[in-house]
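In: here is a sequence together with a model predicted from it:
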2 protein chains.
Amino acid sequence: MEEIEKALGYKFKDKSLMRLALTHKSATHSNNNCYERLEFLGDAALELAVSKYLFVYFPELSEGELTSIRTAVVCSQTLSKVAEKLNLKNHIIFGKREKMEKFQENKSILADVLEALFGAIFIESGFDIVEKIIVNLLKPYIQKAVEGKLFYDYKTKLQELVQKRGHKKIVYKDCEIIEKKYFKSELFIEGKKVSEGYGTSKKKLSRMQHINSCLKWGSKRSET
Amino acid sequence: MEEIEKALGYKFKDKSLMRLALTHKSATHSNNNCYERLEFLGDAALELAVSKYLFVYFPELSEGELTSIRTAVVCSQTLSKVAEKLNLKNHIIFGKREKMEKFQENKSILADVLEALFGAIFIESGFDIVEKIIVNLLKPYIQKAVEGKLFYDYKTKLQELVQKRGHKKIVYKDCEIIEKKYFKSELFIEGKKVSEGYGTSKKKLSRMQHINSCLKWGSKRSET
């Protein structure tokens, strides 16, 4: 359990509370002696911490954008990734060996236990402490979700803008520069290159560059 | 605006933040200059404050019960009632007079503005301060939701218990004692009176008494 404390950067005052956060219901007779109640609490603490981070650092995002980004971050998929990094799966307390093998790889359980640990820290040490831990663990995912959302939004917005002006053809030309181990993406509107960007993977590829170029392009066109 | 501060028991350090929490989007050109972003934040602070209250004061409730009670409390209907008590509707900033008249009675707007005020207090003064204010305003509704949920649950549980033992007939006999201005409720199982309770209204009528009696009855029968 010290491994988890180290990974979280937090030392539990009450080790039995930490144990509770790690206990799956298969290991107890009562549902209230497992992580589920703490998970209920931790989920709410997590939502507030992520909401505050988004609110403070992205003042340009609307309420609708904030909500959809929060949803993208606070989900089993993201949380189970974090839980895997913390190596939680080796510390969850299951009922029987066969159950353990069955459940250990269950992503939703990993996410639940992570939330329960947040709940335990919150009830023991208050919001400010758990907020720091949550932000520390989730910042990269929040950033990614914001970029993804922005990318999607601006792609849609750009398309609307371009169509409104009677243009029709938007082409994204992606290619791999093998010898230099990076990817290149070019954006053409009506055959004219508007933007180009680079990235070390196809996914990372130049999203932000395109977004910025498109915004500039959009605002320039609006002025004319 | 001082009226709201008095009703909330909180003095805003930044009056422009309070103003933002009261501004409907009809009064601005940008969606980010109205209460919506603060509402996003306040909703999460509200969820956490209610979750913590339920977690701490109702250790016997399961995660499923906690979730359904929280849902019953954190809803437009409850929040708009609180907003009405605070007389928020006279302070919301709308765009045009006709819009104001149309929106002022809108319960969902009242609830949204209340959440936005919670969001403003949270961002200005932190979770501990807004938690106290939220609990202070919502405690009676939380209590009511818990009792209602318990009542419903125990009624169902009692029925299951009774049927398992081969009994079938559960009768709740409610009557009004007019001269004494209270209501009486009697609970019969197979013709035998198990419990009676009193209340000043038909709704309040003896819920908790019945619940306690049924629990006692249930545990006694289990021992035999």
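Out: Yes, it's here.

In: stretch A:73-84 close to chain B?
Out: No: Stretch A:73-84 lies out of reach of chain B by Cβ under 8 Å from any Cβ of the partner chain, never closer than 10.0 Å. No exception for glycine: its C-beta is placed from N, CA and C like everyone else's.

In: look up how far chain B lies from residue A:86.
Out: As defined by Cβ to the nearest Cβ, to the nearest Å, residue A:86 lies at a distance of 22 Å from chain B.

In: ignore what I typed, I meant residue A:117.
Out: For residue A:117, the distance to chain B - Cβ to the nearest Cβ - is 15 Å.

In: so that residue touches residue A:42, yeah?
Out: Yes: with contact defined as Cβ atoms under 8 Å, residue A:117 counts as touching residue A:42 (6.8 Å).

In: overlap in contacts, the two.
Out: Taking Cβ atoms under 8 Å, 6 or more residues apart in numbering or on different chains as the criterion, residue A:117 and residue A:42 both touch residue A:21.

In: which stretches of chain A aren't confidently modelled?
Out: Residues of chain A that meet the criterion pLDDT under 70 lie in A:97-101, A:104, A:149-170, A:172, A:174-183, A:197-224.

In: near chain B, which residues of it?
Out: Chain A comes close to chain B at residues A:31-32, A:36-37, A:39-41, A:44-45, A:47-48, A:51-52, A:55-56, A:59-63, A:66-67, A:119, A:122-123, A:126-128, as judged by Cβ under 8 Å from any Cβ.

In: rerun at 7 Å
Out: Residues of chain A found near chain B (Cβ under 7 Å from any Cβ of the partner chain) are A:31-32, A:36-37, A:39-41, A:44-45, A:47-48, A:51-52, A:55, A:62-63, A:66-67, A:123, A:127.

In: select only the buried ones of these in PyMOL?
Out: Provided next is the PyMOL selection string for whichever of these are buried by 16 or more other Cβ atoms under 10 Å in any protein chain shown:
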select buried, chain A and resi 36+37+39+40+41+44+45+47+48+51+52+55+62+63+66+67+123+127
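
In: tell me which of the residues of chain A next to chain B fall in strands.
Out: Among those, no member falls in strands (DSSP state E).

In: among the residues of chain A next to chain B, which are in helices?
Out: A:36-37, A:39-41, A:44-45, A:47-48, A:51-52, A:55, A:63, A:66-67, A:123, A:127 (DSSP state H).

In: can you pull out the strands in chain A?
Out: With strands called from DSSP E, chain A shows them at A:170-177, A:182-189, A:192-199.

In: buried ones in the second one?
Out: Spelled out, it's strand A:182-189. Under the neighbour-count criterion of 16+ other Cβ under 10 Å, strand A:182-189 has A:183, A:184, A:185, A:186, A:187, A:189 buried.

In: give the contact list for residue A:78.
Out: Residue A:78 makes contact with residue A:141, according to Cβ atoms under 7 Å, 6 or more residues apart in numbering or on different chains.

In: the helices in chain A, which residues?
Out: According to DSSP H, chain A carries its helices in the segments A:2-8, A:15-21, A:36-57, A:63-73, A:76-85, A:97-103, A:107-125, A:127-164, A:207-223.

In: now distance to residue B:146 too, for those helices, in TSV please.
Out: Below are those laid out as TSV (distance: least, Cβ to Cβ, whole Å):
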stretch	distance to residue B:146
helix A:2-8	32
helix A:15-21	22
helix A:36-57	14
helix A:63-73	28
helix A:76-85	29
helix A:97-103	32
helix A:107-125	19
helix A:127-164	23
helix A:207-223	48
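
In: who wins for proximity to residue B:193 among those?
Out: Within the helices of chain A, the stretch nearest residue B:193 is helix A:36-57; the backing value is 36.3 Å (Cβ to Cβ).

In: what about residue A:85, how many residues close to it?
Out: Neighbourhood size, residue A:85 [other Cβ atoms under 10 Å in any protein chain shown]: 10.

In: excluding chain neighbours, what is closest to it?
Out: Distances taken as Cβ to Cβ, 6 or more residues apart in numbering or on different chains put residue A:7 closest to residue A:85, at 7.5 Å, once the chain neighbours are dropped.

In: does the one you found touch residue A:86 like I think?
Out: Yes: applying Cβ atoms under 7 Å, one finds residue A:7 in contact with residue A:86, separated by 4.4 Å.

In: what about these two, which has more around it?
Out: The neighbour count for residue A:7 versus residue A:86, taken as other Cβ under 10 Å, is higher for residue A:86 (20 against 14).

In: how much space separates that one from residue A:127?
Out: According to Cβ to Cβ, to the nearest Å, residue A:86 stands 21 Å off from residue A:127.

In: ok, the nearest residue to residue A:55 once chain neighbours are set aside to residue B:121 distance?
Out: If the residues on either side of it in the chain are set aside, residue A:55 comes closest to residue B:41, at 5.0 Å by Cβ to Cβ, 6+ apart. Residue B:41 sits 10 Å away from residue B:121 when distances are taken as Cβ to Cβ.
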